[in-house]
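Student: A structural model of the following input is requested.
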Amino acid sequence: MPAGPAQDPIPPRLPTPVSRAASRVGLAVVRGRSMAPTLRDGDRLLVRYGATPRPGQVAVVRFGDGIVAVKRLDHLGGDGWWVQRDNPEEGRDSWSAGAVAEGDVLAVVLIRIWPRPGPLSSRGPR
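Tutor: Just a heads-up that it's a prediction; the model follows:
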């Protein structure tokens, strides 16, 4: 009896549409002291790309000159997100670099994973 056409037991993979709703997680490393005392140089963070940012959250942002940094989201204005640093003596924020475009809020921080695992305050330092 002749064999029929070969059957592929695994269906072909269809491309997955990419959208803002389809988010992924990744790691970020803190560099500098601008987010102290909340974060320290070298802290490792678990972040979600494509998450909806909210005021008070810590996020990975890209300033207009291309610098990528970890900052606290303050408020969304007509020209983008106003971001702040937790340490007023170090680094940059929207006071010195202007607002960050909505599309340049790259990820929101979910949790610090090393060296002091735990959630971050949404209010900043007291």
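Student: how would you label the residue nearest to the spatial centre of the chain: helix, strand or coil?
Tutor: Taking CA atoms, centre = their mean, the centroid of the chain lies closest to residue 107, which sits 1.8 Å from it. When classified by DSSP: H, G, I helix; E, B strand; the rest coil, residue 107 comes out as strand.
Student: Look at it and report its pLDDT.
Tutor: Listed pLDDT for residue 107 reads 97.
Student: likewise the one 5 residues further on?
Tutor: pLDDT recorded at residue 112 is 97.
Student: where are the low-confidence patches of this structure?
Tutor: 1-22, 125-126 (pLDDT under 70).
Student: For the residue nearest to residue 65 when sequence neighbours are not counted, which residues are in contact?
Tutor: Residue nearest to residue 65 in three dimensions, not counting chain neighbours: residue 97, with 7.3 Å by CB to CB, 6 or more residues apart in numbering. Where C-beta positions appear, they are placed from N, C-alpha and C, glycine not excepted. Residues in contact with residue 97 (CB atoms under 8 Å, 6 or more residues apart in numbering) are 63, 64, 65, 67.
Student: Tell me how far residue 84 lies from residue 110.
Tutor: 20 Å (CB to CB, to the nearest Å).
Student: now do residue 96
Tutor: For residue 96 relative to residue 110 (CB to CB), the value is 27 Å.
Student: for residue 97, same thing?
Tutor: Taking CB to CB as the measure, residue 97 and residue 110 are separated by 25 Å.
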